[in-house]
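Chemist: Give me coordinates for this.
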Amino acid sequence: MSIVIGKLAVKNPVFLAPMSGVTDEAFRLAAHETGAGLVVSEMVASEELVRERRDMVRRARGGHRLSPFVMQLAGREAHWMAEGARVAQDLGADIIDINMGCPARQVTGGLSGSALMRNLDHAITLVEATVSAARVPVTLKMRLGWDERSLNAPELAKRAEAAGVAMITVHGRTRCQFYTGKADWAAIRAVREQIKIPLVANGDCASADDAKAMMQASGADAVMIGRGAYGRPWWPGVVAEQLNPASGRKQPSLAEELAILLQQNDETLRLYGAALGNKTFRKHLGWVIARLYERDLISAEQTMAARAGLLGQINNDIVRQGLRQIYDMASDSVGLAA
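Modeler: Okay, the predicted model is just below:
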């Protein structure tokens, strides 16, 4: 199943969602190389990108290594969204995604992210400015609405399509829900009924069965996996393969998982430098350990020992050796069960 965004065809309908503090260049490279249909950058503040704030420039990396390269921009002023779009293109963006879905208070407090869904007239001025400045397809990510009394995603999507947006992604919660409860996939169908461009469903997708159910309930053409990819950047590709063989990749072996994670560690240190890179990789390592425990590949005692020994470790050589040892224990567990 091919999804076309503007004139760009993507290889499968399972995408990696943009997640601040998670989908940096290192994580996106791992997901891209292991079969995700599309990977999206962390949210990049448009004004700060134009002003070349260091952390925003770092978030915007990937243009020479990812294809297609999708950069997500956030902002509250049309001028800066347009200027940010121009900079994004100069950095190699093939697609520009507009963030109207982030629920974080530090974002909505600045009248960006999902706060824009409280004023659709203003939201559309940002869409129009971005589309006018862009030579590449512009997409839009949103929630169902600000709260249960303002489920205005269908109206925003319809107006965004009319303004030139090439794809819509909807997270099946309101902003006021944050990440509580269960995403309402069926509620996304109201957006499907208003637009002809591709629709992506997001929220609580953790398996191929979830992806099938999401698309059936919502009428979406594709799904985005967010927290379901924690600790396993290969997971969108695996889900894609399970939906449609030869479109993603098969579940990697434990040895292949280890190789992917060691490469992610290398890329993380290259992106941030040794000290900050080691600190940044800790959360990923914590998720990796948790995933192995969830799969009954390491015991509770081994899990506690690994977390205690590695998550505060500042020597990255020890971190890498510890990661190898964890996977050795997991492999031993598989051997004993065989």
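Chemist: tally of neighbours for residue 255?
Modeler: As a burial measure, residue 255 scores 10 neighbours (other Cβ atoms under 10 Å). Glycine gets a C-beta too; all of them are placed from N, C-alpha and C.
Chemist: Also residue 81?
Modeler: Neighbourhood size, residue 81 [other Cβ under 10 Å]: 29.
Chemist: What helix or strand is it located in?
Modeler: helix 78-90 (DSSP states H and E).
Chemist: what sits against the closest residue to residue 102 other than its chain neighbours?
Modeler: With sequence-adjacent residues excluded and distances taken as Cβ to Cβ, 6 or more residues apart in numbering, residue 102 is closest to residue 113, at 3.3 Å. Listed by Cβ atoms under 8 Å, 6 or more residues apart in numbering, the contact partners of residue 113 are 43, 74, 99, 100, 101, 102, 103, 104, 107, 175.
Chemist: Please tell me how far residue 113 sits from residue 76.
Modeler: Using Cβ to Cβ, to the nearest Å, residue 113 is found at 9 Å from residue 76.
Chemist: go on, residue 143?
Modeler: Note on residue 143: its distance to residue 76, by Cβ to Cβ, is 16 Å.
Chemist: Run through the helices of this protein in chain order.
Modeler: Here the chain has its helices, by DSSP state H, at 25-33, 46-50, 54-59, 78-90, 105-108, 120-133, 153-162, 189-192, 208-218, 235-243, 254-272, 274-294, 300-310, 316-337.
Chemist: Same list, those, but as a markdown table with mean pLDDT please.
Modeler: Formatted as a markdown table, those follow (pLDDT from 0 to 100):
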| stretch | mean pLDDT |
| --- | --- |
| helix 25-33 | 97 |
| helix 46-50 | 95 |
| helix 54-59 | 92 |
| helix 78-90 | 97 |
| helix 105-108 | 88 |
| helix 120-133 | 98 |
| helix 153-162 | 98 |
| helix 189-192 | 98 |
| helix 208-218 | 98 |
| helix 235-243 | 98 |
| helix 254-272 | 97 |
| helix 274-294 | 97 |
| helix 300-310 | 96 |
| helix 316-337 | 90 |
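Chemist: In this structure residue 28 contacts residue 62, no?
Modeler: Yes - shown here, residue 28 and residue 62 form a contact pair, counting by Cβ atoms under 8 Å, at 6.0 Å.
Chemist: Residues that sit against both of the two, list them.
Modeler: residue 41.
Chemist: the more surrounded of these two?
Modeler: The neighbour comparison of residue 28 against residue 62 (other Cβ under 10 Å) goes to residue 28, with 27 against 24.
Chemist: If the closest residue to that one other than its chain neighbours is in a bridge, with which residues?
Modeler: Leaving aside its chain neighbours, residue 28 sits nearest to residue 39 (4.3 Å; criterion: Cβ to Cβ, 6+ apart). Beta-bridge pairing for residue 39 (DSSP bridges): residue 16.
Chemist: which residues touch residue 39?
Modeler: Listed by Cβ under 8 Å, 6+ apart, the contact set of residue 39 reads 15, 16, 23, 28, 31, 32, 66, 70, 236.
Chemist: for residue 167, same thing?
Modeler: Counting by Cβ under 8 Å, 6+ apart, residue 167 has contacts 3, 5, 137, 139, 140, 197, 198, 199, 200.
Chemist: could you redo the last one with a cut-off of 6 Å?
Modeler: 5, 139, 197, 198 (Cβ atoms under 6 Å, 6 or more residues apart in numbering).
Chemist: likewise residue 215?
Modeler: Under the criterion of Cβ under 6 Å, 6+ apart, the contact list for residue 215 is empty.
Chemist: Would you format the contacts of residue 39 as JSON lines with distance to residue 210 included?
Modeler: Shown next, in JSON lines, are the contacts of residue 39 (distance: Cβ to Cβ, whole Å):
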{"residue": "15", "distance to residue 210": "14"}
{"residue": "16", "distance to residue 210": "15"}
{"residue": "23", "distance to residue 210": "19"}
{"residue": "28", "distance to residue 210": "22"}
{"residue": "31", "distance to residue 210": "17"}
{"residue": "32", "distance to residue 210": "21"}
{"residue": "66", "distance to residue 210": "25"}
{"residue": "70", "distance to residue 210": "22"}
{"residue": "236", "distance to residue 210": "12"}
